[in-house]
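Peer 1: The sequence isn't on hand, but the structure is:
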Ligand SMILES: *[C@@H]1O[C@H](CO)[C@@H](O)[C@H](O)[C@H]1NC(C)=O
Ligand SMILES: *[C@@H]1O[C@H](CO)[C@@H](O)[C@H](O)[C@H]1NC(C)=O
Ligand SMILES: [Fe+2]
């Protein structure tokens, strides 16, 4: 029986996709313009992110000077509270950004809908739902998003999932030095990113460093996608951690493109952050990186290896449950792994770099498939991690079959701390 099952899995994973699903060609870049009735004061590219357990950062851009204030409340059109924040901007080559507004609002009640407007601008009202303060919680996971017709298809599917918080393991806009594409990306994701918190970490496409002309890395990324790094005692927007579900889930957002060796600031921060996690209160521990530590795709082979060698022991000893990565434009799920071998007390490794960017899919794989690689497929799609309770979570990968979403991989995971007899 077991042999038959294995055989079926092998047949399905090696030829199944080419028979069952013919991949359509790449789709064009979507450049999302400002709406016709917008003016220099219209808030655009609105997105929100978590700040601590009960606050939210609201980020948006205006072409002209406008107040950095957010009016908010629990019923539409009536704003009982106002908060103010700050404005910044940046230049990149010949490009000047708009005014980037950053306002933290709260305290907010969990699992509640808030209505808000930015800069007291009456033309656009937004709303979001705060995540629940306990389990269950549904996390959406998507990497290497870009801005093509496929991205749009992925975003439609994400909308239908009604997730609580989104995790993005790097490579957002694929602006690739051309800054107006950051603005276009902001407009493309606004319908989702203004309604649920988006928590991101950086990919290689965020670096955008040009020798002599633009010597500092992550200029646009850090200006536009500020994350709550200071809340977790990090001094860099490139790595931080946060809690959701009242601390039942702790998420490490690691930086693949900043120093990670054992003498680095990131490494020291990670050691300190893990020491603060109380696994009695936090049954689920997740990590995100951009370049995968385990990868059986031909693309980007070995690129995560230095970081794995530096940090894998820390994550293993801390009993991290799942490590999500992007970078490779395909989906792959590994077994629980430590040091290249199956290990029941190691994290599950998942590559979800298949959001829909313009570089297309990574279709070539190492042959034979390593035994620790349980499922791999080069299709666009997104993932959902539904943490049901302290012991059980369900992971599903939703493939874009043209514009339909199909669950192509689904498993139940048991938290490592609930297996303390086995994992000590
Ligand atoms: C994204 O897809 C939706 C639904 O198919 C469509 O209405 C919308 O216009 C698309 N967005 C863009 C920017 O093309
Ligand atoms: C946790 O959820 C799983 C899956 O739904 C269920 O089988 C299990 O009984 C739940 N555990 C508790 C303690 O409720
Ligand atoms: Fe990448």
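Peer 2: Okay, I see it. Nothing here was measured: the structure is a model prediction, and the numbers come from that model. Ligands and ions are numbered 1, 2, ... in the order given.

Peer 1: from here on, contacts and neighbour counts on C-alpha atoms
Peer 2: Will do.

Peer 1: Ligand 2 contacts on this structure?
Peer 2: 388, 389, 391, 392 (CA under 6 Å from any ligand atom).

Peer 1: mind showing which ranges of the stretch 301-424 of the chain have poor pLDDT?
Peer 2: Within the stretch 301-424 of the chain, the ranges that satisfy pLDDT under 70 run 424.

Peer 1: quick one, strands of it?
Peer 2: 322-325, 331-338, 341-342, 348-352, 373-377, 381-387, 392-401, 404-414 (DSSP state E, counting those that start in this stretch).

Peer 1: would you turn these into JSON lines with distance to ligand 1?
Peer 2: As requested, those are exported to JSON lines (distance: least, CA to the nearest ligand atom, whole Å):
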{"stretch": "strand 322-325", "distance to ligand 1": "25"}
{"stretch": "strand 331-338", "distance to ligand 1": "22"}
{"stretch": "strand 341-342", "distance to ligand 1": "41"}
{"stretch": "strand 348-352", "distance to ligand 1": "21"}
{"stretch": "strand 373-377", "distance to ligand 1": "24"}
{"stretch": "strand 381-387", "distance to ligand 1": "15"}
{"stretch": "strand 392-401", "distance to ligand 1": "13"}
{"stretch": "strand 404-414", "distance to ligand 1": "10"}
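
Peer 1: Ok, which of those strands comes nearest residue 40?
Peer 2: strand 381-387 (34.6 Å; CA to CA).

Peer 1: mind giving me the domain ranges of the protein?
Peer 2: 8-30+135-423, 44-129 (automatic domain parsing).

Peer 1: out of those, which comes closest to residue 38?
Peer 2: domain 44-129 (8.8 Å).

Peer 1: ok, that closest one near ligand 1 or not?
Peer 2: No: residues of domain 44-129 are not located near ligand 1 by CA under 6 Å from any ligand atom, the shortest gap being 13.2 Å.

Peer 1: what's the helix or strand for residue 272?
Peer 2: helix 265-276 (DSSP states H and E).

Peer 1: lowest-confidence helix or strand of this protein?
Peer 2: Least confident element among the helices and strands of the chain, by mean pLDDT, DSSP states H and E: helix 2-11 (a mean of 37).

Peer 1: Helix, strand, or coil at the residue of the stretch 151-300 of the chain found nearest ligand 1?
Peer 2: Minimum separation of the stretch 151-300 of the chain from ligand 1 (CA to the nearest ligand atom) falls at residue 152, amounting to 4.8 Å. Under DSSP: H, G, I helix; E, B strand; the rest coil, the three-state class of residue 152 is helix.

Peer 1: Look at it and say how many residues are nearby.
Peer 2: 19 (other CA atoms under 10 Å).

Peer 1: contacts for stretch 230-249?
Peer 2: If you take CA atoms under 8 Å, 6 or more residues apart in numbering as the criterion, stretch 230-249 is touched by 51-53, 131-137, 201-202, 222, 226-229, 250-255, 258, 266, 269, 273, 281-286, 390.

Peer 1: What remains of those if I keep only buried residues?
Peer 2: 51-53, 131-137, 201-202, 222, 226-229, 250-255, 258, 266, 269, 273, 282-286, 390 (16 or more other CA atoms under 10 Å).
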